[in-house]
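# curious how this folds, go ahead:
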Amino acid sequence: MANEIKWDALEHSQSTLKGKHVILVAYKSAGMGQNKVVGVVPLYDLRDANLDGSVSLPERFYGSELYNPSGLISLMNGSNAAACVADAARQKNDLELFNQAKTAFLQVAFKVCQKALVEMMVQNSLAPGVKLSLAKTGLAEYGKVSSVANFLVVKAMEKAVVGSICR
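Numbers count the residues shown, from 1 in each chain. Below you'll find the model as predicted:
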């Protein structure tokens, strides 16, 4: 029996540059005009979110660990990878993989929204009480020490709340 897996190099459907955003796809026929994608490899840098052919300074900065408010990096990386997989699945008529890629992206977006909501809740409702409690301990007299202590306590509370509800 011959190898059923076929390989195809696809242009990303959102790219306007010929040959810059190629996706290598391994697939096999599922019958009735449908295919089953078994592998997707982007042959371009996934940080190129706007598909302009280069990774700009903001894309490079936002795609690094230097900047990560409320899980922005996981959202960007998840959305870029899901977009690549979804595009390959759509072009190869694999509806199941297309739906899985959309679901994966929505799960990442949901977790980012959960974390942002918890951080906002802690900052607006619990942080003032933490400041007051720390001031009562006498840390307010030490200036920078009290602000660092407040920051550490609030971040620990955020992590505890996010860890308990965002799984």
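
# select the longest helix from this structure.
helix 95-121 (DSSP state H).

# elements contacting it?
strand 34-42, helix 72-91, helix 144-165 (3 or more Cβ pairs under 8 Å, 6 or more residues apart in numbering; DSSP states H and E). Every C-beta, even on glycine, is put in place using the N, C-alpha and C of the backbone.

# these two touch, right, residue 12 and residue 23?
Yes. Residue 12 lies in contact with residue 23 (Cβ atoms under 8 Å); the separation is 6.0 Å.

# can you list residues touching both of those two?
Taking Cβ atoms under 8 Å, 6 or more residues apart in numbering as the contact rule, the neighbours common to residue 12 and residue 23 are 84, 87.

# lowest-confidence stretch among the helices and strands packed on helix 95-121?
Comparing mean pLDDT across the helices and strands packed on helix 95-121, the lowest value falls on helix 144-165: a mean of 68.

# how about the longest helix of the chain: buried residues?
By neighbour count on 16 or more other Cβ atoms under 10 Å, the buried set for helix 95-121 is 97-98, 100-101, 104-105, 108-109, 111-112, 114-116, 118-119.

# which one of the residues you listed is nearest to residue 152?
Taking Cβ to Cβ as the measure, residue 152 sits nearest to residue 119 out of those, at 14.8 Å.

# so how far is residue 113 from the closest one?
Taking Cβ to Cβ, to the nearest Å as the criterion, residue 119 is separated from residue 113 by 11 Å.

# residues near residue 92, how many?
Counted by other Cβ atoms under 10 Å, the residues lying close to residue 92 total 21.

# gap between it and residue 38?
Distance of residue 92 to residue 38, computed by Cβ to Cβ: 10 Å.

# and if you look at residue 7?
In this view, residue 7 and residue 38 are 10 Å apart by Cβ to Cβ.

# joint contacts of these two?
Any residue near both residue 7 and residue 38 by Cβ under 8 Å, 6+ apart counts here, and that gives residue 26.

# show me which of those two is the more surrounded one.
In this comparison of residue 7 against residue 38, neighbours counted by other Cβ under 10 Å, the higher total goes to residue 38 at 14 against 10.

# does that one touch residue 26 like I think?
Yes. Residue 38 is in contact with residue 26 according to Cβ under 8 Å; the separation is 5.0 Å.

# end-to-end on stretch 8-24?
Stretch 8-24 has an end-to-end distance of 6 Å (criterion: Cα to Cα, to the nearest Å).
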